[in-house]
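# only geometry, no sequence info:
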Ligand SMILES: Nc1ncnc2c1ncn2[C@@H]1O[C@H](COP(=O)(O)OP(=O)(O)OP(=O)(O)O)[C@@H](O)[C@H]1O
């Protein structure tokens, strides 16, 4: 079942005028060959008359016909060039438009999709097929119509000469058509099957050629191992594909042989007709050309249909991606997020399991952070600290219970508004290979590009200003080695830049997940010294393993295996002599022992 309207709509949305012009042009180009054909018939018959009459004066009309046929041929070539230009310009526009749609859709999707291999298979196929299939469908449609119109005329002509010619024409192209349909289906299924393996090969290629793992791959001598795995996958895929291609070429060869036999049968009959005087020489020339062109158009028509069938199959991969449904989205009539909080944040019996997993990583978590309070979250690795940060920043929704901000369920706020008013630094923060300026401005893209004051103020708060000033181009230095003149900085320096992003935004809520874990002792000390002042008036959470940070928080929550083990202030928890007290004492002992060794 062909459903091409969606693709056609895509193309007309991406390039409306070019698509319209291409359509008109292709209709004209479809009619011109017919005019050329008819002119040739007139020339041959005219010439035969001139030769028979022996009067050279009769030659002039034939000469004009030759000029006219020449003009038609020239027009055909010019239109073909113009069509080719329009087609490539349409193709480029559509491909850019489709990529834009793909990017917007990817960003709109929930994070949970990114944690699911199925999503990557769907995305991979959409990226492969999306950019060019819609354009191919539209050019396929125009080709089909063009061939159809030409065919109507030529088919009529052949029918007029002898109905058998039209029948032979159809029979000659049917086998190829059948082969094409059959292999479209086979390739479509194979394509779906090979995606995970092809992605795995892509991953290995990225490991081998990308920067992030380049050091470790050398240190552990992994290059040979990875390229061996890559070759293994590629050769498996190659053998499978060649197997399909071998069968396809064999079938296509047989189909072509059948159609050649049909063409020569028709030709033999025409020669016989002309030889026995039942056709004029002009009729025979016209027949021969008409049959050949008819064959081309009929083949074009059926192949166009088969191509559309194939494109329709493959473009469904692109639609599969576009039709993915996001779950974290605005409710109807969402609430406006306040500029400043009135009461604070409440986690009310929150439980959470990551999508695709049954295991709850947070179990019945309840706590309150009053307006203007900073709450420290502490716990062993895997206790669920970052998960709390992800839920509070609404990257996921709780599976049970609710999170309230100012007594309104977090789900009821308009997501873009909420994100604008929340400053988050994740444990695995992003490293943008842009200038320092841009890296900080991305924390608040509403900052004017020329506004250096806000950028520098944010850098100073995060302790980044001094090292940035020492960079070759200061705030205009491109970070990372991906682009020209880029400069790599240390992990701790990257962390300072990421923290500056948090301070670039005037947000009432802050969420900091290990904001200084890679910083040197001096930097960390300085940051936490002024953290209280920097976060004054803000409400939020800070996750850290460092007690120096945690100690000064208004409230401390100790997590153990996804549950709140204890909570309170530093003093109250020390008095309680529970988990917190034991960890604190141990960390102090480590410091004291270190001091003694020194
Ligand atoms: N994206 C994810 N998908 C599935 N499970 C996850 C995901 N992220 C974390 N987990 C699981 O959730 C649990 C809690 O992870 P979380 O990152 O919240 O721990 P954490 O307390 O921040 O640990 P750390 O101190 O090591 O950063 C872990 O056991 C982990 O296996």
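Arrived safely, thanks for sending. Remember, it's a predicted structure, so these values are computed and weren't measured experimentally.
# mind listing what's buried in stretch 471-483?
Across stretch 471-483, burial judged by 16 or more other Cβ atoms under 10 Å covers 471, 475, 477, 478, 479, 480. Where you see a C-beta, it was placed from the backbone N, CA and C, and this is true even at glycine.
# ugh, wrong one, stretch 317-334
In stretch 317-334, counting by 16+ other Cβ under 10 Å, buried: 317, 318, 321, 324, 334.
# now do the same end-to-end measure for it.
End-to-end distance for stretch 317-334, by Cα to Cα, to the nearest Å: 33 Å.
# what's the average pLDDT for stretch 165-175?
Mean per-residue pLDDT for stretch 165-175: 80.
# buried residues, it. List them.
Per 16+ other Cβ under 10 Å, stretch 165-175 contains these buried residues: 165, 166, 168, 169, 172, 173, 175.
# what's the answer for stretch 365-374, then?
Quick answer for stretch 365-374 (16+ other Cβ under 10 Å): 365, 367, 369, 373, 374.
# which helix is the longest one in this structure?
helix 223-275 (DSSP state H).
# angle of the helix or strand hosting residue 135 against helix 223-275?
Following DSSP states H and E, one finds residue 135 within helix 133-161. Counting by axes from the mean of the first three to the mean of the last three Cα atoms, to 10 degrees, helix 133-161 lies at 20 degrees to helix 223-275.
# off-centre distance for whatever helix or strand comes next after helix 133-161?
Next in sequence after helix 133-161, counting helices and strands by DSSP H and E, comes helix 163-209. Helix 163-209 sits 23 Å away from the centroid of its parent chain (Cα atoms, centre = their mean, to the nearest Å).
# report all helices and strands that helix 163-209 contacts.
helix 117-129, helix 133-161, helix 223-275, helix 281-322 (3 or more Cβ pairs under 8 Å, 6 or more residues apart in numbering; DSSP states H and E).
# before we move on, back to that, list the buried ones in the helix holding residue 135?
Result for helix 133-161 [16+ other Cβ under 10 Å]: buried residues 133-151, 153-155, 157-158, 161.
# what packs against it?
Checking 3+ Cβ pairs under 8 Å, 6+ apart, helix 133-161 ends up next to helix 5-14, helix 16-53, helix 59-108, helix 163-209, helix 281-322.
# which other helices and strands contact the longest helix of the chain?
Helices and strands touching helix 223-275, as assessed by 3+ Cβ pairs under 8 Å, 6+ apart, comprise helix 163-209, helix 281-322.
# now with 10 Å?
Applying 3 or more Cβ pairs under 10 Å, 6 or more residues apart in numbering; DSSP states H and E, one finds that helix 223-275 contacts helix 133-161, helix 163-209, helix 214-219, helix 281-322.
# now, which of the buried residues of stretch 165-175 sits nearest residue 287?
Taking Cβ to Cβ as the measure, residue 287 lies nearest residue 165 of these, at 7.4 Å.
# report the separation between the closest one and the ligand.
67 Å (Cβ to the nearest ligand atom, to the nearest Å).
# list the contacts for that residue?
155, 157, 158, 159, 265, 266, 269, 270, 287, 290, 291, 294 (Cβ atoms under 10 Å, 6 or more residues apart in numbering).
# biggest separation within these, which pair?
Greatest spacing in the contacts of residue 165, by Cβ to Cβ: 157 and 265 (18.5 Å).
# Provide a list of residues in contact with the spatially most central residue of the chain.
For the chain, residue 102 is the residue whose C-alpha lies nearest the centre (Cα atoms, centre = their mean; 4.4 Å). Shown in contact with residue 102 (Cβ under 10 Å, 6+ apart): 123, 126, 127, 130, 131, 318, 321, 322.
# next, the angle from the helix holding residue 135 to helix 281-322.
Using the same axes, to 10 degrees: helix 133-161 against helix 281-322 is 150 degrees.
# avg pLDDT for helix 133-161?
On average, helix 133-161 scores 78.
# which of the three states applies to residue 519?
Assigned with DSSP: H, G, I helix; E, B strand; the rest coil, residue 519 falls in the coil class.
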